[in-house]
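1. Sequence plus the predicted model coming up.
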Amino acid sequence: MKRIFNGLFYGLKFLLLIGAFGLTLFILIRMNLRLEKDIMSILPQFIPFLVLLVLFIINMILKQVGVSKNLFYNLTCCLVFTTIILVGCRAILDTNMVLNAKYGYGIDFNFFDNFLSYIKIMLYGLIIADILFMFREKEKLVEEKSKKKKKA
């Protein structure tokens, strides 16, 4: 059962990463168009997404079992990306928000802007956890090799 859920969450985290990235990109582009800012000003918001994508690719290529077989990490990734998607959807679809109706942009940019720092915190937390799980697996292998040498 654990392997089934792990496989489900492992595949789902890639789809949710793409969805969260796309929705965040859409809202930030619309926000910069409204503010008449340069498109380059949104690049710092996407650094954690790109770093996380690179780490996911490294984990797939190097077959990091400590990350890919970790049910808790995969579930946490899915929850973080789902939270980002829900915040973005609420900023777009919730017509009862005061600023959404007042300005008529169709998106409540202030609501989404309030969550940008929390989004970064969650993504950097996933990055740190991914790196720690990558090195944790290597430490286990070293410990197992040293135990085998002691027995021999």
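-> Cool, got the structure. Numbering: from 1, shown residues only.

2. And the helices in the protein?
-> 2-35, 43-62, 65-68, 71-93, 98-103, 109-151 (DSSP state H).

3. excluding its backbone neighbours, what's nearest Phe26?
-> Distances taken as Cβ to Cβ, 6 or more residues apart in numbering put Gly88 closest to Phe26, at 7.8 Å, once the chain neighbours are dropped. Bear in mind the C-beta positions are built from the backbone N, C-alpha and C, glycine included.

4. do the same with Leu28
-> Per Cβ to Cβ, 6+ apart, closest to Leu28 is Ile42, 4.4 Å.

5. Which residues lie in contact with the one you found in this structure?
-> 25, 28-29, 32 (Cβ atoms under 8 Å, 6 or more residues apart in numbering).

6. Nearest to Ser68 among those?
-> Leu25 (26.3 Å; Cβ to Cβ).

7. so what's that closest one scoring on pLDDT?
-> Leu25 carries a pLDDT score of 90 in this model.

8. Next, the contact list for it, please.
-> Contacts of Leu25 (Cβ under 8 Å, 6+ apart): 42, 46.

9. ditto for Ile131
-> Leu55.

10. go with 10 Å
-> Counting by Cβ atoms under 10 Å, 6 or more residues apart in numbering, Ile131 makes contact with 51, 55, 67.

11. Out of the contacts of Ile42, who's the most crowded?
-> Greatest neighbour count in those, by other Cβ atoms under 10 Å, goes to Leu28: 22 neighbours.

12. For that residue, list the residues it contacts.
-> By Cβ under 10 Å, 6+ apart, the neighbours of Leu28 are 37, 39, 41-43, 45-46, 88, 109, 112-113, 116.

13. ok, now Cys77?
-> Shown in contact with Cys77 (Cβ under 10 Å, 6+ apart): 9-10, 12-14, 16-17, 52, 56, 67, 70, 122-123, 126, 129-130.
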